[in-house]
Each structure stands twice: as structure tokens, then as C-alpha cells.
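> Compute the structure for the input listed below.
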Amino acid sequence: MDETKERKNSPKLTIEEAAAPEKAEVKEMPETEAKEKSANEAPTLKEVIREQAIEDEAPMSKTFTLGKILGGDILTTQTMRRQIWLFILITFFVVLYISNRYNCQQDLIQIDKLQKELQAAKYKALSTSSQLTEKSRESRVLEMLQANNDSLLKIPSQPAYIIQIPDE
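Now for the predicted structure:
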């Protein structure tokens, strides 16, 4: 890797041939002239694809500052690629959390509905029991029978007494 950096930084060497092949000279050509010379020639398809495939990103530094985070430097493609599984996992847990919360809310709504229904049933049972007690009182039954004139039942004027049978 160090060799490629040295090659990139070193000036280009070209061989210019003179009229006679034995007098070939090696001249240093500045890098800008080499680029101009290559710019005049049309780049090949392979070079164009290679150039587009290389992402010109600066490597992430080891220190994160608030300015870098707010500036968006943390969201580089390289960082996103390294952390894609983490983002997928976080997304999965967020979806799981939302669905769990939704199910809990639905359960709470169902519980509230059932509690109201139970309370209504208790009130209805209490009122029905009260009405039954009211209608089944002895005095109320006698009043109803006298109002219909169907019965010969009357309120006793003497208290009830016990008949005793001797044992044999």
C-alpha cells in the first residue's frame, strides 16, 4: 500500500526516442501533464466503471465531536455498511415494541369493556333480587290476594301453637 502512495506522488517518467534508437532519453514529466495527456485520450469503459465504483470518502476519524455528528459525518456510506445489521435489529425491535404496545392497548380496552359489562350485570342482579324480595314478603302477598278476592286466606288473629303428640 505504501508503494502505491509513492507511485501516485512521484512524477511520471516517459521515454522519448530520438531519431536514433540508441539515443533514447528518459525525461521527467510533471503529473499535471500526464493527466492532460490522458484526458485527451478517451477513457475506456473499464476505467470509467472503476472510477465510479470507487467512493471518495475520507476515512472516519477515531474521535467523534458534536460538530461531526450534527454535520452528518457519522452517516457516511462506510459507516452505514458496517452497521447495517445493527440498524436492521433496531428496526425489528421498534416494530416489535409498537406491535406489543398496540396489543396491550387492545387488551386494556377489552378489559375495560368487560369490567363495565360486569358492573352492569351486578347492578341488574341486585335490582332483580330487591324486586323479588319486595314481592315475596308475606304482607305483600296477602295484599295481592285480597285485592283479587280469590283467596280465603287471612292474617291469623291468634298466634300459632304446637300440637304435641304423646309417645307410645
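> and residue 74, how many neighbours?
13 (other Cβ atoms under 10 Å). C-beta: built from backbone N, CA, C; applies to glycine.
> likewise residue 77?
Using other Cβ under 10 Å, residue 77 has 9 other residues around it.
> which residues in this protein form strands?
12-16, 25-29 (DSSP state E).
> now this protein, which segments are flagged as low pLDDT?
Residue ranges of the chain with pLDDT under 70: 1-40, 52-62.
> Give me the longest helix you can find in it.
helix 84-135 (DSSP state H).
> tell me what it is packed against?
Of the remaining helices and strands, none touches helix 84-135 by 3 or more Cβ pairs under 8 Å, 6 or more residues apart in numbering; DSSP states H and E.
> Report how many residues lie close to residue 93.
Residues near residue 93, counting by other Cβ under 10 Å, number 10.
> how close does it sit to residue 87?
In this view, residue 93 and residue 87 are 11 Å apart by Cβ to Cβ, to the nearest Å.
> How about residue 102?
23 Å.
> Over to residue 156?
Residue 156 is 91 Å from residue 87, where distance means Cβ to Cβ.
> Give me the more crowded residue out of these two.
Shown here are residue 156 and residue 87; by other Cβ under 10 Å, residue 87 has more neighbours (10 against 7).
> Name the nearest residue to the more buried one, sequence neighbours excluded.
residue 80 (7.6 Å; Cβ to Cβ, 6 or more residues apart in numbering).
> To what extent is the one you found buried, counted in neighbours?
11.
> Now stretch 76-85 - C-alpha only, PDB.
Extracted C-alpha coordinates of stretch 76-85, given in PDB (Å, rounded to 0.1, in the frame of the first residue of the first chain):
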ATOM      1  CA  THR A  76     -21.100   8.100   5.700                       C
ATOM      2  CA  THR A  77     -21.700   5.100   3.400                       C
ATOM      3  CA  GLN A  78     -18.800   3.200   5.000                       C
ATOM      4  CA  THR A  79     -20.400   3.600   8.500                       C
ATOM      5  CA  MET A  80     -23.800   2.600   7.200                       C
ATOM      6  CA  ARG A  81     -22.400  -0.500   5.600                       C
ATOM      7  CA  ARG A  82     -20.600  -1.600   8.700                       C
ATOM      8  CA  GLN A  83     -23.700  -1.000  10.900                       C
ATOM      9  CA  ILE A  84     -26.500  -2.200   8.600                       C
ATOM     10  CA  TRP A  85     -27.200  -5.300  10.800                       C
END
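> And it, what's buried?
Residues of stretch 76-85 include none that count as buried (16 or more other Cβ atoms under 10 Å).
> Now do the closest residue to residue 43 other than its chain neighbours: how many residues are near it, please.
Nearest non-adjacent residue to residue 43, counting by Cβ to Cβ, 6+ apart: residue 51, 7.6 Å away. Using other Cβ under 10 Å, the number of residues around residue 51 comes to 10.
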